[in-house]
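**Q** Structural data only, the sequence is not supplied:
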């Protein structure tokens with residue numbers, strides 16, 4: 001029998017960036033708070049996503065920098081990759097950050113249940129351990145923040161050995177000789193870059209016409225060109241149809257235009273690619289199974305939970321944040337949604353999130369970063385646009401660093417008022433520029449205001465001013 005009820009002001013189910021941030025802020029505001037997490041606090045971002053992948057990507061980027069050391073007047077002999085050591089570094093970083101989150105929860109007196117939480121009413125949570133009910137807790141408010149899991153097509157065998165998700169592949173300490181990556185979004189392109197540097201023969205399958213199809217088309221096309229130049233086989237307008245596991249994988253594909261891409265091997269109606277591994281990077285799906293939400297009267301938008309502007313579902317005092325509320329599926333979006341929900345619960349003044357102002361970064365090399373509308377999106381919404389573009393080959397800091405390969409920064413503005421509608425960039429560390437662009441969009445900034453902003457020299461950020469000049473008149477450089 002479960003233990004008797006424990007009462008809280010707030011129970012948060014899910015300990016990822018949205019959940020643990022909400023729990024800490026609530027406790028800081030004097031709200032008696034419990035956090036229920038069946039695995040480890042930190043969530044997918046810390047243990048399986050943002051952090052571990054960026055550790056590996058940082059290491060291989062250092063490796064490529066050492067390979068180019070002579071360009072910078074430095075002699076570095078016998079530069080090699082120790083992939084097992086890269087993984088040990090990855091685990092060390094995860095452990096340090098995990099312990100930091102644990103410390104913050106304890107410091108702020110959040111009661112943490114490392115168990116599964118299941119809603120049995122909008123204000124009652126059943127705590128389960130290994131399938132056994134152990135406790136019921138009640139709360140005036142509940143925040144559901146259970147995140148998402150990798151999408152796996154029903155017709156594809158996922159064996160964790162030859163057919164892997166992004167979670168599985170982070171456990172492998174062997175470098176494959178060849179890999180097919182199904183999906184050319186952020187996850188797929190980051191792993192494609194990683195394994196290409198490690199010497200793996202990489203093939204990307206992308207259903208749409210460009211990799212990173214959600215990005216500005218000019219940016220996506222540029223990255224695609226760079227990847228192909230580096231030897232990555234990018235197959236666009238191509239779908240994953242079937243997988244045959246045989247000491248490796250035979251990946252059945254279908255292309256929209258076989259005339260442009262002669263098949264590698266053909267049957268009557270099939271084309272197959274052979275590789276050591278198949279990585280499924282086909283997006284993510286909300287983790288709502290076994291949460292109890294299906295028994296409650298809540299509204300959905302497709303497969304995602306629908307909320308109002310302060311993250312409350314159609315059930316009063318039941319909030320939802322993060323990936324379960326829909327795109328963009330980003331940790332920083334989840335964190336801000338969690339803080340917004342807590343502000344509402346605490347009765348504080350709230351400011352709805354400007355979703356057009358949420359930056360996105362893909363950490364391949366060169367990085368791809370964006371905020372707001374693409375040029376196509378802006379024009380479809382009826383904006384008459386004015387575009388300013390500045391190539392990084394004319395930026396002094398990019399030249400000093402030796403990292404300007406085809407890079408550029410592009411500002412899309414409204415022609416009538418000059419309001420910034422979108423900023424898109426491809427180049428070294430361009431993700432670091434996007435917080436400023438987020439602030440500019442929140443303040444309804446214009447290209448004219450950007451060109452009157454003083455940027456330090458020499459920095460990559462100067463490309464923002466130059467692109468703004470290109471919108472209003474002409475760039476200086």
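**A** On my side now, so go ahead. Being a predicted model, the structure only gives us computed values, none of them experimental.
**Q** contacts and neighbour counts: CA atoms only from here.
**A** Noted.
**Q** how many neighbours does residue 180 have?
**A** Applying other CA atoms under 10 Å, we find 26 residues neighbouring residue 180.
**Q** and it, helix, strand or coil?
**A** Assigned by DSSP: H, G, I helix; E, B strand; the rest coil, the conformation of residue 180 is strand.
**Q** For it, which residues count as its bridge partners?
**A** Going by DSSP bridges, residue 180 is paired in beta bridges with residue 203, residue 278.
**Q** Distance check, it against residue 249.
**A** From residue 180 over to residue 249 the distance is 9 Å, taken as CA to CA, to the nearest Å.
**Q** For the two, list the residues in contact with both.
**A** 275, 277, 278 (CA atoms under 8 Å, 6 or more residues apart in numbering).
**Q** Residue 416 reaches residue 384, doesn't it?
**A** Yes: Residue 416 is within contact range of residue 384, at 7.5 Å (criterion: CA atoms under 8 Å).
**Q** Strands of the stretch 201-350 of the chain, start to end?
**A** 201-205, 233-235, 238-245, 249-255, 271-275, 277-280, 284-286, 300-301, 304-305, 318-320 (DSSP state E, counting those that start in this stretch).
**Q** Against which helices or strands is the first one packed?
**A** Using 3 or more CA pairs under 8 Å, 6 or more residues apart in numbering; DSSP states H and E as the contact criterion, the neighbours of strand 201-205 among helices and strands are strand 178-182, helix 186-197, strand 233-235, strand 238-245.
**Q** one more time with 7 Å, if that's ok
**A** Contacts defined by 3 or more CA pairs under 7 Å, 6 or more residues apart in numbering; DSSP states H and E place strand 201-205 against strand 178-182, helix 186-197, strand 233-235.
**Q** tilt between that strand and strand 238-245?
**A** 120 degrees (axes from the mean of the first three to the mean of the last three CA atoms, to 10 degrees).
**Q** gap between strand 201-205 and the chain center?
**A** Here the centre of strand 201-205 is set off from its chain's centre by 20 Å, with CA atoms, centre = their mean, to the nearest Å.
**Q** cool, the second one as well?
**A** For strand 233-235, the gap between its own C-alpha mean and the chain's C-alpha mean amounts to 22 Å (CA atoms, centre = their mean).
**Q** Show me what residue 422 bridges to in the sheet.
**A** The partner list for residue 422 in beta bridges (DSSP bridges) reads residue 372, residue 412.
**Q** Surely it is in contact with residue 411?
**A** Yes: counting by CA atoms under 7 Å, residue 422 touches residue 411, with 6.0 Å between them.
**Q** The two - which one has more neighbours?
**A** Between residue 422 and residue 411, residue 411 has the larger neighbour count (other CA under 10 Å), namely 30 against 25.
**Q** which ones are touching residue 98?
**A** For residue 98, the contacting residues are residue 42, by CA atoms under 7 Å, 6 or more residues apart in numbering.
**Q** if you set the cut-off to 8 Å instead, what comes out?
**A** 41, 42, 46.
**Q** In helices only, show me those residues.
**A** Under the assignment DSSP state H, the contacts of residue 98 contribute residue 46 to helices.
**Q** center of this protein, which residue is that?
**A** residue 330 (4.9 Å; CA atoms, centre = their mean).
**Q** In this protein, what helix or strand scores lowest on average pLDDT?
**A** strand 3-13 (a mean of 85; mean pLDDT, DSSP states H and E).
**Q** Longest strand in this structure, please.
**A** As assigned by DSSP state E, the longest strand anywhere in the chain is strand 132-144.
**Q** ok, residue 304 - how many residues close by?
**A** Residue 304: 18 neighbours (other CA under 10 Å).
**Q** try the one 4 residues further on
**A** Burial of residue 308, expressed as a neighbour count using other CA under 10 Å, amounts to 11.
**Q** On the pLDDT front, check it for me.
**A** Residue 308 carries a pLDDT value of 97.
**Q** Tell me how far it lies from residue 457.
**A** In terms of CA to CA, residue 308 sits 44 Å off from residue 457.
**Q** circling back: now the element after the longest strand of the chain, going C-ward?
**A** Next helix or strand after strand 132-144 toward the C-terminus (DSSP states H and E): strand 148-150.
**Q** so how far is the next helix-or-strand element following that following strand from its chain's centroid?
**A** Remark: after strand 148-150, the chain's next helix or strand is strand 163-165, criterion DSSP H and E. Distance of strand 163-165 from its chain centroid, counting by CA atoms, centre = their mean, is 18 Å.
**Q** Strand 163-165 packs against which elements?
**A** strand 277-280.
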